[in-house]
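Asker: My questions concern the predicted model and sequence given below.
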Amino acid sequence: MGRGWVFHQDNDPKHACKLVKKWFQIKKVSIVKRPAQSPDLSHIQQLQDEDPNQLIRASALRVLSSIRVAMIAPIMMLAIKESVRDMSPYVRKVAAHAIPKLYALDPDQKGELVDAIDFLLADKTTLVIGSAVYAFEEICPERIDLIHKHYRKLCQVMADVDEWGQVMIINLMTRYARTQFTDPNLGEMDSEKEETFFSSDEESDDEGDSDDSAKKRKAQQKKKKEKESKPKPYLMDPDLRMLLKNTKPLLQSRNSSVVLAVAQLYYHLAPRNEISVIAKALVRLLRGHREVQSVVLMNIATISAKKRNMFEPFLKSFFIRSSDPTHIKLLKLEVLTNLATQTNIQMILREFQTYVYTHDKELTVAAIEAIGRCAVNIKEVTDVCLSGLVALMASKNEIVVAQSVVVIKRLLQIQPSAHKDIIMSMTKLIDTVKVPGARASIVWLIGEYCQTVPLIAPDVLRKMAKTFVQEEDVVKLQILNMAVKLLLTNREQSLPLVQYVFQLAKYDQSYDLRDRARFLRNLVMPQQENRLTQFAAKMFLTPKPAPVLESTFKDRDQFQLGTLSHYLNQRCAGYSDLPHFPEVAPDGKVRDVAGFGIPVPNEKSSAPQAASAASTRHSSKKSKKAETFYSDDESEGEKESEEASSGSESSSEEEESEESEEGSEESDDEEEEESSAESSEEDEDEDDEEEESSEEEPPKKPPPKSATSKKERKVEPTNKPSLDLLLDLDFGAPSGGNSSAQPPLSTGPTLLPSAAGSVSSAPKAPTLSKSYEVIHTAPAQFVPKRSSELLNKVAGQGLSVDYRFTRSPSLFSNKMCAIELRFENHSAIPFESIKLVDKKLPVGLSVSGFDDSVALAPGKSVSVMLGVDFADTTQDAVLSVEVSQSDESGPRRLTLTIQAPVGEQLEPVLLSQQQFKAEQSKLSGLNETSGKFKSSIAIDDVKAIVAKVYDLANVIQVEGIDSADKICFSGRTLSNKALLLITFSKTGEELKLAVNCEKMVIGSMLFKHIKQSLAV
């Protein structure tokens, strides 16, 4: 039995002996004592007696709250009141779960239960807070006023709460923020509208007044209006920023519900430029179970319908696998269609073409439908998609043909006159296509454009009249419509056929069809003239607008993401809409409470100071750091001008300084300058200045900042707790603030992720202790002389282009591969100008260099250096070069496609034997690609193996390996600085190769290249 069971003591001697009691204690079996009076009162008496075992007290309350008898509701209420004040947090947690049970049993107890919830929300134990929020959501979700004083605490302890408690808190914070903060995306739009309104008034006023006095008056009004209409930058509320900042780390949670909750919070609350952080986390969830994939893909499809740029870098993550269930395939297909742009449409169409020929009929139909949507949304590929769909009509698969006809029918409505031949070819399918929807589409298309094919339309009506009785109702309705359109355009030739079709429809079994035939007969062939007959041509022959093929997920964000209503796209029981953002934010002082590092502003503080005091202690420390940016002399000289500034300007400056210094920490040198920087604070911060000056006395005459003074300055020890001393350490640039003094990243050491040790700060810059291990880059051990051809002289009309990787540090960035381009003129005409004009790069790639044009004489060659950041991928960098010759033939463009092998995207790094083993142990599992193969080179021939590896990859051999049967190499990727380790070992007559790298694609491809080079 599980440990959740609680046993009742029956006082039997064999159960009450010392040996059995000791066994109960060892096995941690919960035993409820036998009551003195009646066994029925055991649970209540257990609570009243306050058993020393917290599990017993909690179990007693759990059992008591599970009794669904209305008569004991008062007793349950008394038990809950006692339990919420219990010393054990576990008992308080159980009490929070008992509150909804009592409310369901007796709703009249809501008032007292709300007081209990308010008490539990103030609990400082993270074990209780999640359950307290759950009780709040179940009992009184409309009582937002109870959350004001707990808002900041809930934001700060969110990372320590259990996972399901995090989900409850995030959903609560989403609803709370929608009622307390303004829309972060609305400020810029309003400022633009205001500016446009006033600018138009100014133009009209200037044209109307010509008098001098009127001009002066208008000039004053103009200045006033400019001051009023000046767009104010949106300043996010510090409390909203705190919520976004504290929930962002939860995107790395192992619980998919937590990640999805944070994603919906960012989608509904964050500014547009910050929502993209959720994309990578949501894509990570696609590796989970199919149930998780379904929910996540539903949310991604909704987001991508309006924000396609978020998921475009992860396009390949949505490619369909053969093992995916059908509903997952359809959702991925929907996302791919939403992400289609002019740059990636070729790749997506190739995928769709593969999906068309699968055995899954639903996927086949959806893929053809997706091709049609891409053709409508992206005009550049409309003709290509139309040609592909026409080719699909020749397929032997009836479903493919039928769906292609339906999609072509929609596409032809865009330009019907330009595709007359396609309409004629579709008429030939009327005898072979058996799917009712496809037959109906062909009949509608011929009837709608009967004037385009006047000779074919009557013959199609003749064929359809023969099989009218056997057709489905949807086809019969379209035959009636085609008959009416032919009668209006070609009455003489089609009148007998139309009468025959109407006569067949008159006796059809479907009453809908009989009613439609009766209506159309009286409309186009009336026995008496009526006014409707005159407008029959306008009713049936009016040009129809082209269909707009939109995503079915476009309007699904009316429901909150992650909810059951959003998944089913219908309002479910218990769902409540997200409130709209208020136009004016309520007063934020209601959240100003003491505790959790939030200082309460005093009565003398002004409004901007109160807003600043409402921020966290961490952000207030960083605002002080921003004040110490300027030198002491400058702060004294500018004191008077700063004191004259308004309160609103000071508050905005404080918020800007907080944002600009976010993510950094204070150094010991900056703490010494803190008192002198406080002297340059504005009038509204004088009270805080006096409080801080009482703790630390400012120097009488601050010395000027210079290198000499900093070296001579001594750091006085301060009585601070160890946590504050850790926060004061600066791991960034030297305290002098000169970023140019930092060594370049390619030559400077970098910390290993696993390094552990203490850090001490020197007077000039913080130094690392000896316990930290560093990684140094090394020069290339081998530079291959081979080059690859980019452009031959035939395609370049006399100009050839080669490129090679120099394996030297790039002059443009330490993340770029250094590439040498060599241009050679094989013609007799000189090239006056060769220059780079366009870069067609995938997302994440960048190119630098080759900014100036070069000239090339006949028979000569010239080399230029180029830097390309391939972002640790195998994507190609496509460049366009414009060349001009002196023969007045005009400039022409040449396309150059540069491919980088994975071995050239590395740089060698020096590792000791201990570092190599430590890093290799971390890069195991999925980060390791290994295999055995027979090699023509023996393991003893170290020089041959090293030469082969150096030729393929820019790495370096690790020295000092204790085993003679092992050869190790180390390097790291240029872009992301991910370590790559190569190990050769001998296993019998075979050679074992292992490549460890965090970038699994890089590791697996390099393993493949090395194996192909060494295998027999």
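Answerer: Thanks, I have it.

Asker: can you list the residues that contact stretch 542-560?
Answerer: 174, 264, 267-268, 298, 301-306, 334, 337-338, 372-373, 376-377, 410, 413-414, 448, 565-566, 569, 571, 575, 577-578 (CB atoms under 8 Å, 6 or more residues apart in numbering). Where you see a C-beta, it was placed from the backbone N, CA and C, and this is true even at glycine.

Asker: Buried ones among those?
Answerer: Buried members of the contacts of stretch 542-560, scored by 16 or more other CB atoms under 10 Å, are 174, 264, 267-268, 298, 301-305, 334, 337-338, 372-373, 376-377, 410, 413-414, 448, 565-566, 578.

Asker: any idea which residue sits dead centre in this structure?
Answerer: Ala279 (1.7 Å; CA atoms, centre = their mean).

Asker: Next one: that one from Glu492, what distance?
Answerer: 64 Å (CB to CB, to the nearest Å).

Asker: which residues of this structure score low on pLDDT?
Answerer: 1-6, 8-9, 32-51, 187-234, 415-418, 528, 594-774, 888, 925-926, 1016 (pLDDT under 70).

Asker: Could you grab the helix/strand/coil label for the closest residue to Ile956 other than its chain neighbours?
Answerer: Distance criterion CB to CB, 6 or more residues apart in numbering; nearest residue to Ile956, sequence neighbours excluded, is Pro908 at 3.6 Å. Using DSSP: H, G, I helix; E, B strand; the rest coil, the structure places Pro908 in strand.

Asker: Enumerate the beta-bridge partners assigned to Pro908.
Answerer: According to DSSP bridges, the residues that bridge with Pro908 are Gly971.

Asker: Measure how buried it is and give me the count.
Answerer: By the criterion of other CB atoms under 10 Å, Pro908 has 23 neighbours.

Asker: what residues are up against it?
Answerer: Thr777, Ala778, Pro779, Ala780, Gln781, Asn954, Val955, Ile956, Ser970, Gly971.

Asker: Mark which of these are buried, thanks.
Answerer: Counted by 16+ other CB under 10 Å, the contacts of Pro908 give Thr777, Ala780, Gln781, Asn954, Val955, Ile956, Ser970, Gly971 as buried.

Asker: Tell me which of the residues you listed fall in helices.
Answerer: Among these, DSSP state H puts none in helices.

Asker: got JSON lines for the residues you listed, with distance to Ser387 too?
Answerer: Formatted as JSON lines, those follow (distance: CB to CB, whole Å):
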{"residue": "Thr777", "distance to Ser387": "52"}
{"residue": "Ala780", "distance to Ser387": "49"}
{"residue": "Gln781", "distance to Ser387": "53"}
{"residue": "Asn954", "distance to Ser387": "45"}
{"residue": "Val955", "distance to Ser387": "48"}
{"residue": "Ile956", "distance to Ser387": "53"}
{"residue": "Ser970", "distance to Ser387": "52"}
{"residue": "Gly971", "distance to Ser387": "47"}
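
Asker: where's the residue nearest to Ile956 relative to Phe812, distance?
Answerer: 20 Å.

Asker: Ok, Gln899 next?
Answerer: Relative to Phe812, Gln899 is positioned 19 Å away (CB to CB).

Asker: With neighbour numbers in mind, choose between the two.
Answerer: The residue with more neighbours, out of Gln899 and Phe812, is Phe812; 17 against 13, by other CB under 10 Å.

Asker: and that one, what does it touch?
Answerer: Counted by CB under 8 Å, 6+ apart, Phe812 has contacts Ser848, Gly849, Gly867.

Asker: what secondary structure does it sit in?
Answerer: Applying three-state DSSP: Phe812 is coil.

Asker: State the distance from it to Ile56.
Answerer: In terms of CB to CB, Phe812 sits 70 Å off from Ile56.

Asker: Repeat that for Leu790.
Answerer: 79 Å.
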